[in-house]
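**Q** Kindly return the folded structure for what I paste below:
(one chain, ligands or ions: 1)
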Amino acid sequence: MAKQYTVRCKELLPSGNGLVFFNNSKFEVAGVLPGEKCTIELVHKKEGTGARLVEVIEPSKDRIGIKCPVYDRCGGCNLLHMSYESELEFKNDKIKKLYHDITVPQLPIIKSDNPEHYRNKVYASFSFEKHGRGDIRQIAGMYEENTRKVVNCMDCSIQNSIANSIIKTILDLMRLTGTRSYDPDTRTGVLRHAYIRVAEKSGKVMLVLVTGVPEFKDKARFVQTLTKKHPCIETIIHNINPGKTGMILGNKDNVIYGKGYITDELCGCTFKISPKSFYQVNPRQTEKLYGTAVDMAGLKPTDTVIDAYSGIGTISLIAAKKTGKVIGVEVNPDAVKDAIENAKINNITNVEFLRGDAGEYLEKESKRLKPDLIFMDPPRSGSDERFLSAVCKASPSRIVYISCNPETQVRDLKYLMDHGYTPELLQPVDMFSRTGHVETCVLLSRRTYRQPDARVKIDIDLDDYYRIKEGEVSK
Ligand SMILES: C[S@@+](CC[C@H](N)C(=O)[O-])C[C@H]1O[C@@H](n2cnc3c(N)ncnc32)[C@H](O)[C@@H]1O
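**A** Below you'll find the predicted structure:
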């Protein structure tokens, strides 16, 4: 048995894991809260020595019971052991620390009314477990953190419950038809992943069955049983992914039931969503996020707006109702097709969607377009310098920057601050409840030259945040 050590957790790291010190070294330990006394054991991995929680000796007042049976292995929602109130406090604090060098009033995080079963996009990977001679059981679940080992779990507490029950039916069907899970190492078996998207408002479901081989001989039976048992399934797509890759979807798709897409509603607009297009995972919080972004923008009927990284056109179409002209730029061709159709579905004519790299487009077109406002909502990696420098050259009077990764947003904000912009307001949104991730929305406005070293840290308390929100305090 590995040697165990008693330590006390100092604080939570931005990931949501606890920081402990032991033998003059720092360790990041999952599942432990600030102030807690606990036993840990050291684990040796490829990346170096880490530590694992064995037992909590003195629990924090913020600790709550964990319902998930695979909590210590999955790593998906790593904050289930803390109350939701303390999670929100941690997230407010995390953002405050990360934005320490940015002079910007921070509003309190927009909480979720229902922090469980919110994920409308669910991936399940298939594998098998051996239970003695000849007893092989197919299993489904998420990959164990940093591995390709499937954790057997079909009742995830942040995933949409309909998706959980569809995954159970798929496993039953695998048993009944003798369909084996696909093993990319031996290239044997058939079914690799199920990818499910649920439209929040209508409850309609898109199911993608990903196989590792082109042949899926029982697909007709899968379609018949699944659609009978779950009438909410509106479309089923067979995707083929034979590669030894971490990607869920392969390049080949066949629609085997329905139209190949679903539609959902957000902020009064209808959106068609194809399997490979981006769509936010928490629809109720997305409405609050987009509402905040459009409010922050202060759109005028005469404005020309660029929506960079526009996906299926969500922000563009919501904003188009309040402004003169919107141009969405997006690199994913499927998403651009969806966006063009979404404009038609919603009878919105003052938008245009273009396929391409957002930075390249801005470099070429900004002088001609002279945008008044730019929405930017890049992927987790943030924006590149090409895009940021093109934004500064385009010189819109306002920028609304939405981000799912505060670390890259802070990096990009610093660039924008050094090139003529002032962050005016920061709004965190709890989009990924029960995990350490936070979505943020920042309004910036153009200013005349301002010395980078003249930045001062604003340290306002929560009452002030609320007054700013109510419009009583201006910066
Ligand atoms: C976080 S999503 C935001 C999508 C959309 N704004 C929404 O809220 O649904 C980021 C989007 O940026 C797109 N993207 C990634 N790199 C890009 C680039 N260099 N230029 C344009 N779009 C890009 C992705 O395909 C994805 O649709």
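**Q** How far does stretch 344-358 sit from its chain's centre?
**A** How far stretch 344-358 lies from its chain's middle: 23 Å, per Cα atoms, centre = their mean, to the nearest Å.
**Q** next one: stretch 429-448
**A** 12 Å.
**Q** buried ones in that stretch?
**A** Within stretch 429-448, the residues that count as buried by 16 or more other Cβ atoms under 10 Å are 429-445. For every residue, glycine as well, the C-beta is placed using N, CA and C.
**Q** Show me what the host helix or strand of residue 417 is packed against.
**A** Using DSSP states H and E, residue 417 maps to helix 406-418. With contacts defined as 3 or more Cβ pairs under 8 Å, 6 or more residues apart in numbering; DSSP states H and E, the packing partners of helix 406-418 are helix 84-98, helix 385-394, strand 398-403, strand 421-429, strand 439-446.
**Q** cutoff 10 Å now
**A** helix 84-98, strand 373-376, helix 385-394, strand 398-403, strand 421-429, strand 439-446 (3 or more Cβ pairs under 10 Å, 6 or more residues apart in numbering; DSSP states H and E).
**Q** Ranking the ones you listed by mean neighbour count, which comes first?
**A** strand 373-376 (a mean of 26; mean count of other Cβ atoms under 10 Å).
**Q** Pull up the pairing partners for it, direction included.
**A** strand 304-308 (parallel), strand 398-403 (parallel) (DSSP bridges).
**Q** export those strands to TSV and tack on mean pLDDT and distance to residue 74?
**A** Converted to TSV, the strands paired with strand 373-376 look like this (pLDDT from 0 to 100; distance: least, Cβ to Cβ, whole Å):
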stretch	mean pLDDT	distance to residue 74
strand 304-308	97	34
strand 398-403	97	25
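**Q** Let me have those strands in CSV, extended by distance to the ligand.
**A** What follows is the strands paired with strand 373-376, written out as CSV (distance: least, Cβ to the nearest ligand atom, whole Å):
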stretch, distance to the ligand
strand 304-308, 7
strand 398-403, 7
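**Q** that older thread, tell me which residues in the helix holding residue 417 are buried?
**A** Result for helix 406-418 [16+ other Cβ under 10 Å]: buried residues 406, 408-410, 412-413, 415-417.
**Q** okay, now the domains of the chain?
**A** Per the record, the chain has its domains at 4-63, 93-114+282-470, 121-265, by automatic domain parsing.
**Q** which of these sits most buried?
**A** Note that of the domains of the chain, domain 93-114+282-470 is the most buried (mean count of other Cβ under 10 Å), with a mean of 19.
**Q** now the helix or strand that residue 138 is a member of, how far from the chain's geometric center?
**A** Assigned by DSSP H and E, residue 138 belongs to strand 136-143. Counting by Cα atoms, centre = their mean, strand 136-143 is centred 24 Å from the centre of its parent chain.
**Q** where does the protein come near the ligand, residue by residue?
**A** 278-280, 309-311, 314-315, 329-332, 335, 357-358, 377-379 (Cβ under 6 Å from any ligand atom).
**Q** wait, what's in contact with the closest residue to residue 387 other than its chain neighbours?
**A** The shortest distance from residue 387 to any non-neighbouring residue, by Cβ to Cβ, 6 or more residues apart in numbering, is to residue 359 (3.4 Å). Contacts for residue 359 (Cβ atoms under 10 Å, 6 or more residues apart in numbering) come out as 308, 329, 383-391.
**Q** Please repeat the previous calculation with a cut-off of 7 Å.
**A** 384, 386-387, 390 (Cβ atoms under 7 Å, 6 or more residues apart in numbering).
**Q** CA atoms only for the helix or strand containing it, dumped as PDB, please.
**A** Element membership for residue 359, per DSSP H and E: helix 358-369. Coordinates of each C-alpha in helix 358-369 appear next as PDB, following Å, rounded to 0.1, in the frame of the first residue of the first chain:
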ATOM      1  CA  ALA A 358     -12.000  35.800 -38.600                       C
ATOM      2  CA  GLY A 359      -8.600  37.500 -38.500                       C
ATOM      3  CA  GLU A 360      -8.000  37.200 -42.300                       C
ATOM      4  CA  TYR A 361     -11.500  38.600 -43.000                       C
ATOM      5  CA  LEU A 362     -11.100  41.500 -40.700                       C
ATOM      6  CA  GLU A 363      -7.700  42.400 -42.100                       C
ATOM      7  CA  LYS A 364      -9.200  42.600 -45.600                       C
ATOM      8  CA  GLU A 365     -12.600  44.100 -44.900                       C
ATOM      9  CA  SER A 366     -12.500  46.300 -41.900                       C
ATOM     10  CA  LYS A 367     -11.500  49.500 -43.600                       C
ATOM     11  CA  ARG A 368     -14.400  49.100 -46.100                       C
ATOM     12  CA  LEU A 369     -16.900  48.100 -43.400                       C
END
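**Q** What is the neighbour count of whichever residue of the stretch 151-300 of the chain sits closest to the ligand?
**A** Closest approach between the stretch 151-300 of the chain and the ligand, counting by Cβ to the nearest ligand atom: residue 278, at 3.6 Å. By other Cβ atoms under 10 Å, the residues close to residue 278 number 19.
**Q** How about it: what's its closest non-neighbour residue?
**A** Nearest one to residue 278, counting by Cβ to Cβ, 6+ apart, is residue 311 at 4.5 Å.
**Q** Tell me if I'm right that the one you found and residue 331 touch.
**A** No: here residue 311 does not reach residue 331: they are 10.0 Å apart, not a contact under Cβ atoms under 7 Å.
**Q** from the stretch 201-350 of the chain, which residue is nearest to the ligand?
**A** Counting by Cβ to the nearest ligand atom, the stretch 201-350 of the chain gets nearest the ligand through residue 311, at 2.8 Å.
**Q** which element follows the helix or strand hosting residue 270 toward the C-terminus?
**A** Taking DSSP H and E as the criterion, residue 270 maps to strand 269-273. Using DSSP H and E, the next helix or strand after strand 269-273 towards the C-terminus is helix 283-297.
**Q** Run the chain-centre distance for that following helix.
**A** For helix 283-297, the distance to the chain centre is 15 Å (Cα atoms, centre = their mean).
**Q** what do you get for stretch 109-121?
**A** 12 Å.
**Q** same question for it, mean pLDDT?
**A** Throughout stretch 109-121, pLDDT has a mean value of 94.
**Q** the longest helix in the chain is where?
**A** Assignment by DSSP state H gives helix 161-177 as the longest helix of the chain.
**Q** Which neighbouring elements make contact with that helix?
**A** Contacts defined by 3 or more Cβ pairs under 7 Å, 6 or more residues apart in numbering; DSSP states H and E place helix 161-177 against strand 136-143, strand 191-198, strand 205-211, helix 219-229.
**Q** Thanks a lot, see you next time.
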